[in-house]
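J.: give me a 3D structure for the following:
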Amino acid sequence: MGMSLAILFIGFFQFTNNMDMEISTFLYLKEDLISKHLEHGTYRCCLNKPCSYCIGDAHDGRKGCYCLENIMNGKSPCGECVGEILEGNGNKFLAPYFAKAISENTGHEETVKQIISEKYNIPIEKQV
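T.: Below you'll find the model as predicted:
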């Protein structure tokens, strides 16, 4: 019984160690791809910490992240950015534009404005 437990423990340790290495590799590759997009001007995110969703293709089919541009043009950013914005993790300087862009296709602009008002401490009347 003791030997079986030891083998199980060693196997679990190797599994979690490999998983940690895979996560580290993913994070390195993510940061590397974002850096390359930033160098080429093709990564303009609307979040405080750039999204991962747009690393390959933006949700509108372009290579890189154009969520900031989309927000400023009243178009919805990628799904990851929508979620992060609604949690309060968006760039606070873009907050007046969030509700219009996020609700582009939903028809719930007033509800989103209320959420933005609460998360970013910006009055509804100051939102676009």
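J.: can you list the domains in this structure?
T.: For the chain, automatic domain parsing gives the domain ranges 1-40, 42-128.
J.: lowest-confidence stretch among the ones you listed?
T.: Looking at those, the lowest mean pLDDT belongs to domain 1-40 (a mean of 64).
J.: list of residues touching stretch 46-66?
T.: The set of residues external to stretch 46-66 that reach it, using CB atoms under 8 Å, 6 or more residues apart in numbering, is 30, 33-34, 37, 40, 42-45, 67-68, 70-71, 77-81, 84-85, 89-91, 94. For glycine as for every other residue, the C-beta is placed from the backbone atoms N, C-alpha and C.
J.: switch to 6 Å and redo it
T.: When contacts are taken as CB atoms under 6 Å, 6 or more residues apart in numbering, the neighbours of stretch 46-66 outside the stretch itself are 30, 33-34, 37, 42-43, 45, 67-68, 71, 77-78, 80-81, 84, 89-91, 94.
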